[in-house]
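Asks: Sequence plus the predicted model coming up.
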Amino acid sequence: MPVARPESSDSRVIAHVDMDCFYVQVEQRKQPHLRGQPTAVVQYNSWQGGGLIAVGYEARKDGVKRSMRGDEAKKVCPQIHLITVPVARGKADLNIYRNAGSEVVSILSRKGKCERASIDEVYLDLTDAAEKLLKETPPESLESIHEEVLKSHVLGLNSNGDDNHKEIVKEWLQNKNGDPRDKLLACGALIVADLRLQVLQETQFTCSAGIAHNKMLAKLASGMNKPAQQTVVPFSSVKDLLEALPIKKMKQLGGKLGSSLQVDLGVNTVGDLLKYSEEKLQDLYGVNTGTWLWNTARGMNGEEVEERLLPKSHASGKTFRGPSALKTLSSVENWLKELCEELSERLQTDLETNKRIAHTLTLHADAYKTTDTDSHKKFPSKSCPLRYGAGKLLEDAINLFQGGLREYMNPMGNQFCGWKITNLSVTASKIIAIPSGTSSITKYFHCQDPGEKSDLLSTLNDSHESELKMEFGGEQSTITHDESETSFDRVDLSSGHESCSTSNQNELQPKLSIKETKINHLSNGKNIRSNVHKRKPTKEKGETSSILRFLQTNSSQLGQTSSAMEGGSLTKSQNRQTTNTWGYNLDEIDQSVVDELPREIQEELYALLPRKKANMVKRGSSIAHYFSPK
């Protein structure tokens, strides 16, 4: 549901920049001979010529619409050029368009706070830049104004003809007695026009823009005059803009909420909402939504521009229409494999390029039942902590799908038939930057074989797998996860190799893995490291610190203690020391846990310890059991 946010009392300058037929422009840049020609981009499937996903303005003039198939578009416009979207893994590959969008974002972000809303649209908060321009070089002091600015559409101004239009716009821009808030918008118009020209010169792409005092109005204005134009919404024109605007054209009112307003209240335009008080709307739609509707009718919106140059999530999905709908678990698993491989590649690229990590994997699906009338029930979305690697993504995605399918079909339903999947997607979200000043996990094995645990993905998965537990069968898919273990301050991304340097303090401590560090807090409140500090061992040059060193030290201490006890010469101070000494029980060592240790340490352990008796302890015991207090 919409969220009501109070609008700041300070004047803001917000712009929404929208690329013009972006997919078509990207293809025309690749093939310059297509410029000026009727062009459309179609999906890769060949049925009836493919579905149109972008139509150039030249083709639109001939009557081509996005709702058409390729064959129908050729009948309407025989000279049209149909360009197929690149294909990878049996589905559309949009990377070429994503990369082109990144080029545009890098330019638009030069003047203010920038929020990338999608592949081809961006929000800009230009308030600071506009205030600076108004203070240093106000529009009224300019001797000449660029023609691109004079072509701006300012709502509420009446003009006849191009020359007359430019003169009226220039007069509005340089009005000394105008509303101070409109003067800021005029500065915003100068800045946006300059940015649009930079985009054209550096990328060969044109874009349109809306300039207003909030995101909602800027979004509405950007699509009013296309292509390659900009529209300004002065404060005095807000009421006229919204009064006749169809309710379904307003963002977040195109679905059920907008339909409810039409059916229940007879509201067909945004202006019709002005007839209802805030209290009435709150009674009907709740306090939050009611306030949001009341503010929307008056053009008020306090949503901030979030500074984000990179996408906040990565998704890979595919639609299966008609006979291509998925009907078996094996077909779903095959497509999940393709989707997870694409998602894994994008996550890896984001990790290496932007030093960001995704934390949540979500599976979405659209389905319907073929065996009963309960087809309106939605397929539940399922989420779990994200593990890096295509194989692990696939494993978790399959589990999420199966959990959702059980819930969708009900406990008594047949989970293997009677359903069809029409849309399937996997999404990686909660993406955060890795903290700076990190180092590799191999530091905790102190210069071991670089080939072991050298991959950053091993670090990520060790962290996420620490307490991974998934529950399905009619219940919401959940995974218990100790956030304290998801620590990435040990991962070194500043170089391509592991760092073996340690501080003096670290040299005095055995190097423990993430899992072993947690065990320190589970062993009856005692901490292995605390005993190491008490012993204050010295480290010879070139000596390798390992768990073995700790075992050797304790083994020798245990032997000394045993001899002293047999001779009856154990002193009181020695008795206190023995109380805090850690030991280990050879009979309780689980081979499966030893196998998880690095190979180098395994060999040293086998050389030091006698072979344990088989099947002496149940599987699932932790390494903490080997260091129980004596």
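Replies: Done, it's in.

Asks: Any buried residues in stretch 355-375, and which?
Replies: Neighbour-count burial for stretch 355-375 flags 355-359, 361-367, 369 (criterion: 16 or more other C-beta atoms under 10 Å). (Glycine included, C-beta is placed from N, CA and C.)

Asks: could I get it in PDB with only the CA atoms?
Replies: Backbone C-alpha positions of stretch 355-375 (Å, rounded to 0.1, in the frame of the first residue of the first chain) are rendered in PDB as follows:
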ATOM      1  CA  LYS A 355      32.200  -4.800  -3.900                       C
ATOM      2  CA  ARG A 356      28.600  -5.500  -2.900                       C
ATOM      3  CA  ILE A 357      27.000  -8.600  -1.400                       C
ATOM      4  CA  ALA A 358      23.400  -9.800  -1.700                       C
ATOM      5  CA  HIS A 359      21.900 -11.400   1.400                       C
ATOM      6  CA  THR A 360      18.400 -12.600   0.500                       C
ATOM      7  CA  LEU A 361      17.200 -15.000  -2.300                       C
ATOM      8  CA  THR A 362      13.500 -14.800  -3.200                       C
ATOM      9  CA  LEU A 363      11.500 -17.000  -5.500                       C
ATOM     10  CA  HIS A 364       8.400 -15.700  -7.200                       C
ATOM     11  CA  ALA A 365       6.000 -17.600  -9.400                       C
ATOM     12  CA  ASP A 366       2.600 -17.200 -11.000                       C
ATOM     13  CA  ALA A 367       0.500 -20.400 -11.200                       C
ATOM     14  CA  TYR A 368      -3.000 -21.600 -11.700                       C
ATOM     15  CA  LYS A 369      -4.700 -24.900 -10.900                       C
ATOM     16  CA  THR A 370      -6.300 -27.100 -13.500                       C
ATOM     17  CA  THR A 371      -8.100 -29.500 -11.200                       C
ATOM     18  CA  ASP A 372     -10.400 -27.200  -9.200                       C
ATOM     19  CA  THR A 373     -11.900 -23.700  -9.000                       C
ATOM     20  CA  ASP A 374      -9.400 -22.400  -6.500                       C
ATOM     21  CA  SER A 375      -7.300 -20.900  -9.300                       C
END
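
Asks: As TSV, the buried residues of stretch 355-375 with distance to residue 216 and secondary structure would be great.
Replies: Listed next are the buried residues of stretch 355-375 as TSV, based on distance: C-beta to C-beta, whole Å; DSSP: H, G, I helix; E, B strand; the rest coil:
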residue	distance to residue 216	secondary structure
355	34	coil
356	29	strand
357	33	strand
358	30	strand
359	31	strand
361	32	strand
362	28	strand
363	32	strand
364	27	strand
365	32	strand
366	29	strand
367	34	strand
369	39	strand
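
Asks: Please produce TSV containing the residues you listed, extended by pLDDT and distance to residue 184.
Replies: Below are the buried residues of stretch 355-375 laid out as TSV (pLDDT from 0 to 100; distance: C-beta to C-beta, whole Å):
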residue	pLDDT	distance to residue 184
355	91	36
356	93	34
357	94	39
358	95	38
359	95	39
361	97	44
362	97	40
363	97	45
364	97	41
365	96	47
366	94	45
367	92	50
369	84	56
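
Asks: what's the closest of those to residue 228?
Replies: Set against residue 228, the nearest of the buried residues of stretch 355-375 by C-beta to C-beta is residue 356 (33.6 Å).

Asks: Just to check, the closest one is in contact with residue 309?
Replies: No - applying C-beta atoms under 8 Å as the test, residue 356 and residue 309 come out as separate, 11.4 Å apart.

Asks: Low-confidence ranges, the stretch 501-630 of the chain, go.
Replies: Low-confidence segments of the stretch 501-630 of the chain, defined by pLDDT under 70: 501-593, 596, 606, 608-630.

Asks: meant to ask about the chain
Replies: Answering for the chain: the residues below the bar, that is pLDDT under 70, span 1, 6-9, 159-163, 372-376, 411-415, 437-593, 596, 606, 608-630.

Asks: Could you point out the longest helix of it?
Replies: Ordering each helix of the chain by length in residues (DSSP state H) puts helix 329-354 first.

Asks: Pull out the buried residues from it.
Replies: Quick answer for helix 329-354 (16+ other C-beta under 10 Å): 332, 335-347, 350-351.

Asks: what's the answer for stretch 253-268, then?
Replies: Those would be 253, 257, 258, 261, 262, 265, 267, for stretch 253-268 by 16+ other C-beta under 10 Å.

Asks: and for that stretch, what are the contacting residues?
Replies: 1-2, 246-248, 250, 272-273, 276, 284-285, 289, 293, 296 (C-beta atoms under 8 Å, 6 or more residues apart in numbering).

Asks: Strands of the stretch 301-450 of the chain, start to end?
Replies: 314-319, 356-369, 382-385, 419-433 (DSSP state E, counting those that start in this stretch).

Asks: go on, the stretch 1-150 of the chain?
Replies: Under DSSP E, counting those that start in this stretch, the stretch 1-150 of the chain gives strands at 14-19, 39-42, 52-55, 81-84, 87-88, 91-92, 113-118, 121-125.

Asks: Kindly reformat those as TSV containing mean neighbour count.
Replies: What follows is the strands of the stretch 1-150 of the chain, written out as TSV (neighbours: other C-beta atoms under 10 Å):
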stretch	mean neighbour count
strand 14-19	27
strand 39-42	25
strand 52-55	21
strand 81-84	18
strand 87-88	13
strand 91-92	19
strand 113-118	19
strand 121-125	24
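
Asks: want to throw the ones you listed into a markdown table with distance to residue 136?
Replies: Formatted as a markdown table, those follow (distance: least, C-beta to C-beta, whole Å):
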| stretch | distance to residue 136 |
| --- | --- |
| strand 14-19 | 20 |
| strand 39-42 | 43 |
| strand 52-55 | 41 |
| strand 81-84 | 46 |
| strand 87-88 | 50 |
| strand 91-92 | 47 |
| strand 113-118 | 20 |
| strand 121-125 | 19 |
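
Asks: Residue 105 contacts residue 122, correct?
Replies: Yes - using C-beta under 8 Å, residue 105 is in contact with residue 122, at 5.9 Å.

Asks: Residues that sit against both of the two, list them.
Replies: 114, 116.

Asks: Without its sequence neighbours, what residue ends up closest to residue 131?
Replies: If the residues on either side of it in the chain are set aside, residue 131 comes closest to residue 184, at 6.8 Å by C-beta to C-beta, 6 or more residues apart in numbering.

Asks: Can you dump the C-alpha atoms of the one helix or strand the one you found maps to in CSV for me?
Replies: Following DSSP states H and E, one finds residue 184 within helix 180-203. Only the C-alpha atoms of helix 180-203 are listed here, as CSV (Å, rounded to 0.1, in the frame of the first residue of the first chain):
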residue,chain,number,x,y,z
PRO,A,180,10.9,32.1,-5.3
ARG,A,181,10.0,28.4,-5.6
ASP,A,182,9.5,28.8,-9.3
LYS,A,183,12.9,30.6,-9.6
LEU,A,184,14.4,27.4,-8.2
LEU,A,185,12.5,25.3,-10.8
ALA,A,186,13.8,27.7,-13.5
CYS,A,187,17.4,27.0,-12.4
GLY,A,188,16.5,23.3,-12.4
ALA,A,189,15.4,23.6,-16.0
LEU,A,190,18.8,25.1,-17.0
ILE,A,191,20.6,22.2,-15.2
VAL,A,192,18.5,19.4,-16.7
ALA,A,193,18.8,20.8,-20.2
ASP,A,194,22.6,20.8,-19.8
LEU,A,195,22.6,17.2,-18.5
ARG,A,196,20.4,16.0,-21.4
LEU,A,197,22.8,17.6,-23.9
GLN,A,198,25.8,15.9,-22.2
VAL,A,199,24.0,12.5,-22.4
LEU,A,200,23.3,13.1,-26.1
GLN,A,201,26.9,14.1,-26.9
GLU,A,202,28.6,11.3,-24.9
THR,A,203,26.2,8.4,-25.5
